[in-house]
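> Output the structure for:
(2 chains)
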Amino acid sequence: MSLRQHLAKVIEGNEVKDLKGFAKWMLSWEGVKMLGDGNIGFIKLIKGPTAGTYVGQDHYGNKYYENNNLQYDRKRWVMYKDTFDYSSSTIPPEWHGWINYINDYTPHNHNFYKPHYMLPTEKTKTGTDGAYQPKGTWTTPKKRNWVKYSAWQPPQA
Amino acid sequence: MALNMQRLGRMLPSLPVSRAFSTAAGPAATQATSPTPPSPPPPPPPSDTAEVFVDGQPITVPKSFTVIQACDAAGVDIPRFCYHQRLSIAGNCRMCLVEVEKSPKPVASCAMPVMPGQKIKTDTPLVKKAREGVMEFLLINHPLDCPICDQGGECDLQDQAMIFGSDKSRFVETKRAVDDKNLGPLVKTVMNRCIHCTRCVRFSSEVAGTEDLGVTGRGRDSEIGTYVEKLMQSELSGNVIDLCPVGALTSKPYAFTARSWELKSTESVDVSDALGSNIKVDARGSEVMRITPRLNEEVNEEWLSDKARFQYDGLKRQRLNTPMVKGPNGLQPATWGAAFEAIRGAMAGAKGDEIKAIAGKLTDAETLVATKDLLNRLGSGNMKHEDDVAAEPVCADVRSTYLANTTVMGFEQADAILLVGTNPRHESPVFNSRLRKAFLDGAEIASIGPNIDLTYKYQHLGSEPAALSQLLASEHPFLEKLKSASAPAIVIGPGVLRREDRDAVMRAVHELVDKAGVVRPGWNGFNVIHDSASRVAALDLGFVPSASARSAPPPKVVYLLGADDWMDREVPEDAFVIYQGHHGDKGATRANVVLPGAAYTEKSGLYVNFEGRVQQTRAAVPVLGDAREDWKIVRALSEVLGARLPYDTHSAVRARLAEVAPHFALINNLQQPVWLNGEVLQKDVPFQSPVNNFYMTDSVSRASAVMAKCILAKQEAKN
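Predicted structure coming up:
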């Protein structure tokens, strides 16, 4: 694959319109992050859009690719939408089985059962303010009152 | 575990199961005749002993012993459900089967008297098989609800099923179901779990003396209950919870609040009455979860009154947790420093006997001595206990004039008892059970005072002091009885000490003591009982007004040490009131400065019971909020007031206590009584017990919701 073809696939996969857009993108903080963080840089600029065929996209914008000629465990990969705070917890359940080689079902070839009470998946809140904290943690705003007695209130004059 | 059903079937039905129920339902007379083991057993004369062999090991026991007692004495554990050493023998659970040589069948060891030369075997295959069979039968109708049962972890059936229970059931029929009974706000019943040991039935008829519980029906249909739905009338009803070997009777306030293995036990002393029952305070974290009795043969045996057992929820309500100072908007939270400054400002305007201290019902001896020392340093001798309501204070000069000299255990030997102005059933229910024990052993009891049900028969000689005069004047039959008795005893109640004519009544009593020879060499039958825990310690330490304080002008500063039941004339309208205590009640409401102290479960303090026994509480839970141990508050205040007390540690305060009253380093210090001078007898004023409401007597029990429920339940039962 020539550099031109490679760049064309990267531009298409990352939806940056054209070469000018690509240059602008690379010069933004996102580009700096990709050069600094090899993992996301490798996936977004080298392997991600070029090494296989595009399979689909989830509601986050994460893109899924496949190349069955590669060795097992490297056949399927995800190109995260978020460059700065990418996380495997953004892979929704319907893609989870496919990307982990548990099954071959994607939302495109399988009708997943979705009960009416099922909430949309969320990225993990670990490390953020929204993370779960047990009832006794000092930092939690919803701290339980551990005082086991009721104090006497003097009659107000 | 294969059981030979054929053999078991031959063996078990032949045992006299029905006999047990007739024994249990029988009157209390069975108690008097049944052998009650003294423990530790006194060395009996040789003719009364028998040598038996327990598993080949020879042991000499009194002939009155049963086989189970001989095995206990030999240190061999016999499983049991119905047998209890303080109750009559029922013999209906059959768990204590042992093999006796030359006996064709296993015998119930609790009901079998020992014979000389008897060879008892407790570890043979026959015994094991018999117990396994009994356990299988017991478990037939016992529900499998250990995970949700409050007895779980401290259940006799659970423990013994681990040893003798089968790992599988052969029972395919339907289990028995029994309606739960409503026994009031204290005792929760789950009657499906009942194994009909009848311990509760025997307790209520023998120890408590209220024929509340009984067995109805036969065989599979037998049920424990109150016949018609009613409350348990006894003030000792909580003890059936301890007696119940399974989870049929459990504590209602404790239900589902904790598991026994989560609790940290602290050995302490009860302060809800003046007996000083020994208790175990079970706490989880900073919370008292329950209070159970601790064995002390000389005080409370293993019983505990309902107030002592169930008032602990009052320790979580209405608590004082921060110092408060009265401002224009009433009492406001303040720092310790600000509170002490306010006190110093008020104290500056008062000198000598214008500073007054009133000790409350729950004040420990350390605080009493520290306060007394502080007031003396400030030049005041104006101090009193709140129970001292008569115009003339109770004389604290001679210790034997305000103690139960017979001692609580000594009452078991008494054969004629005169109660003067007392209702021991409410003033000290556990002590009342001792009096009942004496009654069952044949003591004659008479009472001058309130005519109420004391759970035993007594002769009511009158309600007024006039009856005392009659008893003295003529050849009264009961006077003759007291004279001829080998161990006569007179019990003066706390109500007498509150009468204006107290000295006259006491003189009449002393005259009676003299006439009937109640005080003899080796026997002192003169007893005064009190109703609050700190009363005797206050008298021992001389926490009474000094001679100058008796004629002192109204005080300008009143220091209330947890005193809530003072009379209005004690605390003048314009006085500056300091309240040091643990509960917000009448005292704190009146106070200008509130100093938060520790309740009896939160500190180590000395208390003296009405027989003069010095006992100490121990801290089971930490103090709340900004509160402090009481003697430390007085010590800190003394420094602010410029009259520094010379002790900084708890042991130094104890040393000071022993300096003031040496028995605070000893136990059970008794002295001989001397005569008191008398006043005019108020012949027409009836004797009254100061305890009108058993369930609410101090700030802890008044704050307790459970105690309030008890009162409601009693009122409903009356209507």
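
> Could you check how far A:N145 is from chain B?
Distance, A:N145 to chain B, using Cβ to the nearest Cβ, to the nearest Å: 13 Å. For every residue, glycine as well, the C-beta is placed using N, CA and C.

> Now the residue of chain B found nearest chain A: closest residue in space that isn't a chain neighbour?
Nearest to chain A, among the residues of chain B, is B:G584, at 2.6 Å (Cβ to the nearest Cβ). Excluding its sequence neighbours, the residue lying closest to B:G584 (Cβ to Cβ, 6 or more residues apart in numbering or on different chains) is A:W152, at 2.6 Å.

> Then A:G13?
A:P49 is the one closest to A:G13 (Cβ to Cβ, 6+ apart), at 2.6 Å.

> Let me see the contact set for the one you found.
By Cβ atoms under 8 Å, 6 or more residues apart in numbering or on different chains, A:P49 lies in contact with A:K9, A:V10, A:E12, A:G13, A:N14, A:K63, A:Y65, A:M79.

> quick one on the thing from earlier: the residue nearest to B:G584 touches B:A588, doesn't it?
Yes. Assessed by Cβ atoms under 8 Å, A:W152 is found in contact with B:A588 at 6.5 Å.

> Now do the shared contacts for those two.
Common contacts of A:W152 and B:A588 (Cβ under 8 Å, 6+ apart): B:L320.

> quick one: which of those two has more around it?
B:A588 (27 against 24; other Cβ atoms under 10 Å in any protein chain shown).

> Report the contact partners of that one.
A:W152, A:P154, B:L320, B:M324, B:L331, B:Y579, B:G581, B:V594.

> What is the burial count for the second one?
Burial of A:P154 is recorded as 19 neighbouring residues (other Cβ under 10 Å).

> you'd agree it is up against B:G584?
Yes. Using Cβ under 8 Å, A:P154 is in contact with B:G584, at 7.0 Å.

> Now residue 88: phi and psi?
In the absence of a named chain, this looks at chain A. Per-residue torsions, A:S88: phi -70, psi -10 (degrees, to the nearest 10).

> oops, chain B please
According to degrees, to the nearest 10, B:S88 has phi -70, psi 170.

> any idea how far it is from B:R202?
From B:S88 across to B:R202, the span is 6 Å (Cβ to Cβ, to the nearest Å).

> So the two - more neighbours on which side?
B:R202 (28 against 23).

> how near is the residue nearest to A:G13 to chain B?
For A:P49, the distance to chain B - Cβ to the nearest Cβ - is 58 Å.

> Kindly report the same for A:T140.
Distance from A:T140 to chain B, counting by Cβ to the nearest Cβ: 19 Å.

> which ones are touching that residue?
Residues in contact with A:T140 (Cβ under 8 Å, 6+ apart) are A:Q133, A:P134.

> let's go with 10 Å and repeat that
With contact set as Cβ atoms under 10 Å, 6 or more residues apart in numbering or on different chains, A:T140 has these partners: A:A131, A:Y132, A:Q133, A:P134.

> For burial, what's the neighbour tally of the third one?
In this case it means A:Q133. A:Q133, neighbours per other Cβ under 10 Å, totals 14.

> got the contact list for it?
Residues in contact with A:Q133 (Cβ under 10 Å, 6+ apart) are A:T139, A:T140, A:P141, A:K142, A:K143.

> The residue nearest to B:G584 and B:V271: what is the separation?
Going from A:W152 to B:V271 by Cβ to Cβ gives 20 Å.

> For B:D273, which non-adjacent residue is spatially closest?
With sequence-adjacent residues excluded and distances taken as Cβ to Cβ, 6+ apart, B:D273 is closest to B:S428, at 4.8 Å.

> what's the one you found in contact with, if anything?
B:235, B:272-277, B:300, B:305, B:404, B:408, B:422, B:434-435, B:493-494, B:529-531, B:609-610, B:691.

> do the same with B:P622
Per Cβ under 10 Å, 6+ apart, neighbours of B:P622: B:A283, B:G285, B:S286, B:A598, B:E602.

> Also B:I163?
Contacts of B:I163 (Cβ under 10 Å, 6+ apart): B:D77, B:P79, B:K128, B:R131, B:E132, B:M135.

> Quick check on the fourth one: phi, psi?
Okay, so that is B:R131. The phi/psi pair for B:R131 (degrees, to the nearest 10) reads phi -70, psi -40.

> Cross-check the contact I'm expecting between it and B:L97.
Yes. B:R131 is in contact with B:L97 according to Cβ atoms under 10 Å; the separation is 6.1 Å.

> neighbours around the residue lying closest to B:N609 once chain neighbours are set aside, how many?
Spatially, and ignoring its direct neighbours in sequence, B:N609 is nearest to B:G276 (3.3 Å; Cβ to Cβ, 6+ apart). Counted with other Cβ under 10 Å, the neighbours of B:G276 add up to 29.

> where's B:G276, which helix or strand?
Taking DSSP states H and E as the definition, one finds B:G276 inside no helix or strand.

> correct me, but it touches B:G605?
No. Using Cβ under 10 Å, B:G276 is not in contact with B:G605, being 11.7 Å away.

> so what sits against both of the two?
Going by Cβ under 10 Å, 6+ apart, residues that sit against B:G276 and also against B:G605 are B:V269, B:A533, B:Q615, B:Q616, B:T617.

> Including distance to chain A and secondary structure, could the residues you listed go into JSON lines?
What follows is the shared contacts of B:G276 and B:G605, written out as JSON lines (distance: Cβ to the nearest Cβ, whole Å; DSSP: H, G, I helix; E, B strand; the rest coil):
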{"residue": "B:V269", "distance to chain A": "22", "secondary structure": "strand"}
{"residue": "B:A533", "distance to chain A": "22", "secondary structure": "coil"}
{"residue": "B:Q615", "distance to chain A": "26", "secondary structure": "strand"}
{"residue": "B:Q616", "distance to chain A": "24", "secondary structure": "strand"}
{"residue": "B:T617", "distance to chain A": "19", "secondary structure": "coil"}
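
> which one of those residues sits closest to B:L645?
B:Q616 (20.5 Å; Cβ to Cβ).

> pLDDT wise, what is the closest one at?
Per-residue confidence (pLDDT) for B:Q616: 92.

> Please apply the same query to the one 5 residues further on.
The predicted local confidence for B:V621 comes out at a pLDDT of 95.

> what's the farthest-apart pair in the contacts of B:P622?
B:G285 and B:A598 (16.8 Å).

> what about these two, which has more around it?
For B:G285 versus B:A598, the count of surrounding residues by other Cβ under 10 Å is larger for B:A598: 26 against 12.

> Would you list the phi and psi of that one?
Backbone dihedrals for B:A598, given as degrees, to the nearest 10, come out at phi -110, psi 140.

> Just to check, it is in contact with B:H582?
Yes. Counting by Cβ under 10 Å, B:A598 touches B:H582, with 6.2 Å between them.

> shared neighbours of the two, anything?
B:V623, B:L624, B:A627, B:D630.

> that older thread, I'd like the contacts of A:T140 as CSV, with distance to B:D55 appended.
Shown next, in CSV, are those (distance: Cβ to Cβ, whole Å):
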residue, distance to B:D55
A:A131, 64
A:Y132, 60
A:Q133, 60
A:P134, 55
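
> With pLDDT and secondary structure added, can I get those in TSV?
Converted to TSV, the contacts of A:T140 look like this (pLDDT from 0 to 100; DSSP: H, G, I helix; E, B strand; the rest coil):
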residue	pLDDT	secondary structure
A:A131	87	coil
A:Y132	87	coil
A:Q133	85	coil
A:P134	84	coil
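
> Among those, name the buried ones.
Neighbour counting with 16 or more other Cβ atoms under 10 Å in any protein chain shown marks none of these as buried.

> Can you say which two of those residues are spatially most distant?
The widest separation within these (Cβ to Cβ) is 10.8 Å, between A:A131 and A:P134.

> More neighbours: which of B:R131 and B:L97?
For B:R131 versus B:L97, the count of surrounding residues by other Cβ under 10 Å is larger for B:L97: 26 against 23.
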